[in-house]
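Undergrad: need the 3D shape of this:
(chains A and B)
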Protein chains: 2
Amino acid sequence: MLVVLTGGTGGAKLIEGLAAEMDPAQLTIICNTGDDCVFHGLHVSPDIDTITYTLAGLIDEEKGWGVSDDTFAVLGQLRRLGNDTWFTLGDKDLAMHITRTRLMAEGFTLSQVTERLRTILGVKAKIIPMSDSRVETRVVTSEGEISFQEYFVKERWSREVEAVHFTGAEQSTPAPGVLEAIRQSTAVVIAPSNPVTSIGPILAVPGIRQALQYSVVNVVAVSPIIGSAAISGPAHKLMAVVGLEPSAFGVASAYGDLLNRFVIDAEDRSLKERIEKLGMRAVVSSIRVTSLADKQRLAMEVLALTQK
Amino acid sequence: MLVVLTGGTGGAKLIEGLAAEMDPAQLTIICNTGDDCVFHGLHVSPDIDTITYTLAGLIDEEKGWGVSDDTFAVLGQLRRLGNDTWFTLGDKDLAMHITRTRLMAEGFTLSQVTERLRTILGVKAKIIPMSDSRVETRVVTSEGEISFQEYFVKERWSREVEAVHFTGAEQSTPAPGVLEAIRQSTAVVIAPSNPVTSIGPILAVPGIRQALQYSVVNVVAVSPIIGSAAISGPAHKLMAVVGLEPSAFGVASAYGDLLNRFVIDAEDRSLKERIEKLGMRAVVSSIRVTSLADKQRLAMEVLALTQK
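TA: Next up, the predicted model:
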């Protein structure tokens, strides 16, 4: 069984490739929930949804989130009714949030709801939220503290960031199945996601980092950074805030003691030696993937690294 | 100030006419909430919405409920996600329920939310739910007790009904403004709505029937029945269940001590004498209205009766 730790869009690309290259029923995906937010009273889990939609073949490939060919009738009317609608929610996407919110109000946990929804949508891979407790990624800016979605979507990561913290992380526990999956895995992959705000919250849930440290299987990460910038999103900016070099080396150093294999882009081959001094093997590849063929090729390389 | 007691579709036709024939700001509409239901965790107030949509020019005229030209993307996806979707909810319509549910979860009352939504939608008439307490119309059938929506929509009023009751009515209180509106009104109109399940719940809220009984202004009702059947819906069936003659006479007898003017259809002119023996004036008109001109003509007749 392969365990993958992931955020949303970036990680989804590798996961799509992995699900195509192996038996997806052997895949357990542990998702960041630090970006979860309540919009219009509805519980939105952006990373879980992106992974679920990707594996269900529903994802809007162009945007990297949401449901393809979705419509926005509800959002338009919500706006007309005086609601703040800076967070784009499509109609089909809303059905997911409405169902999740209703089930959680009935007493189901986020992991139970996630399991039910992925099953209904025909997703063979297991998707588990990092925690059923509420852990919230908060971004401290010069103009005050905001949620990750406010920083990322509303402010389009334009604000100067002073700090990032994960409210509720200390009191949280891993969702049922998270530690078991890591312990029973034959290998672990850390997807090319933001190390600060996608993988960071997962590792901040007490027990998960330790389970990876004690793991004797191969742990392979793929860099989300090429050169000095993230393939997409603000990872490099946030890395600088938390004292990490905004580079593939910075990512490797963030995961330092957890990894034994790290995949970097050919552009960053000059970093290979520095990264290997951190105690891991650095593998040069082409990590900017867009076509399904690209994703499958990268997934095959990652799978090879998990095995040898 | 004119007060109108109403259910949904039937009453909305008269109210549309009234709002066109008088200053709508002088109109206070007290709405049945006995049909309110929670679908997918969202608070749906069918009668309030029908009246609001009608006065906002948003109503689907053909169906008599919902928003015109609405789409059903959310409902389709809710079905795909395993939800029971027998109650049709359009996308724009859902924005209303999502907003209402969110505001009520934040602590606003149904009447505060109703006021806010009608104002945002540019509705000049005041719309007040009969009560902010939960009063639920329950229909006892040979196969068990169900909600009014289950009886009306899911079962298409095909089941044999044994009794109708209004759970929570005894403990309920009129919403703020209901009794004040009746006391300050220059006349009251009871819309051509189902006397059992639309007007019945309103009159079951302690204080409302009494306020009408003590009222010294004209109280005018329009029959929802022509011959032995409702203009639309199951009013005649439910009237028989509660021991009322399924006719305009039956409606008049249900409202007996509250009314002094009752408008019946020309088809029912033979009932005029029997109705007038109940102590009210019976006025013969043409009450099956479909065009706006028809609605305005009936509204003008009703307004004349409120004044003289």
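
Undergrad: quick check: buried residues in stretch A:179-187?
TA: Along stretch A:179-187, the positions that meet the burial threshold by neighbour count (16 or more other C-beta atoms under 10 Å in any protein chain shown) are A:179, A:181-182, A:185, A:187. All C-beta atoms are positioned from the backbone trio N, CA, C, and that covers glycine.

Undergrad: so the nearest residue to A:Phe39 once chain neighbours are set aside, which of the three states?
TA: Beyond its immediate neighbours in the sequence, the residue positioned closest to A:Phe39 (C-beta to C-beta, 6 or more residues apart in numbering or on different chains) is A:Phe87, lying 5.2 Å away. Counting by DSSP: H, G, I helix; E, B strand; the rest coil, the backbone at A:Phe87 sits in coil.

Undergrad: next up, phi/psi of A:Phe87, please.
TA: Recorded main-chain torsions at A:Phe87 are phi -90, psi 120, according to degrees, to the nearest 10.

Undergrad: contact partners for it?
TA: A:37, A:39, A:44, A:149, A:153-154 (C-beta atoms under 8 Å, 6 or more residues apart in numbering or on different chains).

Undergrad: which pair in those spans the largest distance?
TA: Maximum pairwise distance in those, criterion C-beta to C-beta, is 13.6 Å, between A:Val44 and A:Lys154.

Undergrad: tell me where the stretch 101-250 of chain A has strands.
TA: Along the stretch 101-250 of chain A, counting by DSSP state E, counting those that start in this stretch, strands occupy A:126-129, A:136-141, A:144-147, A:161-167, A:187-190, A:218-222, A:225-226, A:229-230.

Undergrad: any chance of those strands in TSV with mean pLDDT and distance to B:Arg288 as columns?
TA: Formatted as TSV, the entries for those read as follows, by pLDDT from 0 to 100; distance: least, C-beta to C-beta, whole Å:
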stretch	mean pLDDT	distance to B:Arg288
strand A:126-129	98	56
strand A:136-141	96	58
strand A:144-147	95	55
strand A:161-167	96	61
strand A:187-190	98	69
strand A:218-222	98	70
strand A:225-226	98	72
strand A:229-230	95	67
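
Undergrad: closest one to chain B among these?
TA: strand A:126-129 (14.8 Å; C-beta to the nearest C-beta).

Undergrad: pairing partners for that closest one, with directions?
TA: Each strand paired with strand A:126-129, and its direction, by DSSP bridges: strand A:27-31 (parallel).

Undergrad: so what's A:Glu170 scoring on pLDDT?
TA: pLDDT recorded at A:Glu170 is 97.

Undergrad: that older thread, what's the most distant pair in the buried residues of stretch A:179-187?
TA: Taking C-beta to C-beta, the two most distant members of these are A:Leu179 and A:Ala187; they sit 16.1 Å apart.

Undergrad: circling back: chain B: which of the contacts of A:Phe87 is nearest?
TA: Within the contacts of A:Phe87, distances to chain B taken as C-beta to the nearest C-beta reach their minimum at A:Phe39, with 9.1 Å.

Undergrad: before we move on, the earlier item: ok, so of the contacts of A:Phe87, who is nearest B:Leu238?
TA: Nearest to B:Leu238 among these: A:Phe39, at 40.5 Å, using C-beta to C-beta.

Undergrad: quick check, that closest one in contact with A:Thr88.
TA: No. Counting by C-beta atoms under 8 Å, A:Phe39 sits too far from A:Thr88 to count as a contact (9.9 Å).

Undergrad: need the residues of the stretch 1-150 of chain A near chain B, please.
TA: Near chain B, the residues belonging to the stretch 1-150 of chain A are A:40-42, A:67, A:70-71, A:73-78, A:80-83, A:90-92, A:94-96, A:98-99, A:101-102, A:105, A:116-117, A:120-121 when assessed by C-beta under 8 Å from any C-beta of the partner chain.
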